[in-house]
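*Asks:* I would like the atomic coordinates for the input below:
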Amino acid sequence: MDKFLFGGASWSEAKSALDAGTLRQRAIAQNIAHANTPGYRAQEVRFEELLSRIETAPEGAKTTRPGHLDASQKASAPRPELVFSNAEEVDIEREMVSLNENSIHYRAIAQMVARRYSGLMAAIRTEG
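*Replies:* Here you go, the predicted model:
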């Protein structure tokens, strides 16, 4: 039951996306704080491109021979990575735009997760 309620791929992806948003917020804050520090290289978080690389088995795929990968198992969501950007210096305007985009994205995912929990709580409280 626990896996059914909280262990699906969408939960794993949502948790990883929230983790990526948190890490991205820290990286952007660091970049802004060190904008005038000589030699500082901006940091960025890679997550969406890692998420897009996950290969999942097509619907209805079956293991037909020994040695095939189990088609019923889906890859888990990747962990976000903090990397240095190729930029020579921090662009404050770009960082501020990234900060706003990240904030909007994080709130949207958090609201989606909150609605899912609200739905579960409503189902639990329903008297039948």
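*Asks:* Surely residue 31 touches residue 95?
*Replies:* Yes - Residue 31 is within contact range of residue 95, at 5.1 Å (criterion: Cβ atoms under 8 Å). From N, CA and C alone the C-beta is placed, and that goes for glycine too.
*Asks:* mean confidence for the longest helix belonging to the chain?
*Replies:* In the chain, ranked by residue count with DSSP state H as the criterion, the top helix is helix 92-125. Per-residue pLDDT values across helix 92-125 average out to 89.
*Asks:* Out of residue 31 and residue 95, name the residue with the larger neighbour count.
*Replies:* Neighbours were counted for residue 31 and for residue 95 using other Cβ atoms under 10 Å; residue 31 has more, 23 against 19.
*Asks:* Now for residue 31 and residue 95: what residues contact both?
*Replies:* In the contact map built from Cβ atoms under 8 Å, 6 or more residues apart in numbering, the residues linked to both residue 31 and residue 95 are residue 42.
*Asks:* The protein: helices as residue ranges?
*Replies:* Ranges of helices in the chain, per DSSP H, are 2-6, 9-33, 48-52, 92-125.
*Asks:* most packed of those?
*Replies:* helix 9-33 (a mean of 17; mean count of other Cβ atoms under 10 Å).
*Asks:* before we move on, back to that, tell me which other helices or strands the longest helix of the chain touches.
*Replies:* Contacting helix 92-125 under the criterion 3 or more Cβ pairs under 8 Å, 6 or more residues apart in numbering; DSSP states H and E are the following elements: helix 9-33.
*Asks:* For the helix it packs on, enumerate the helices and strands it packs against.
*Replies:* Helices and strands touching helix 9-33, as assessed by 3+ Cβ pairs under 8 Å, 6+ apart, comprise strand 43-46, helix 48-52, helix 92-125.
*Asks:* Repeat the analysis, applying 7 Å as the threshold.
*Replies:* Secondary-structure packing of helix 9-33 (3 or more Cβ pairs under 7 Å, 6 or more residues apart in numbering; DSSP states H and E): strand 43-46, helix 92-125.
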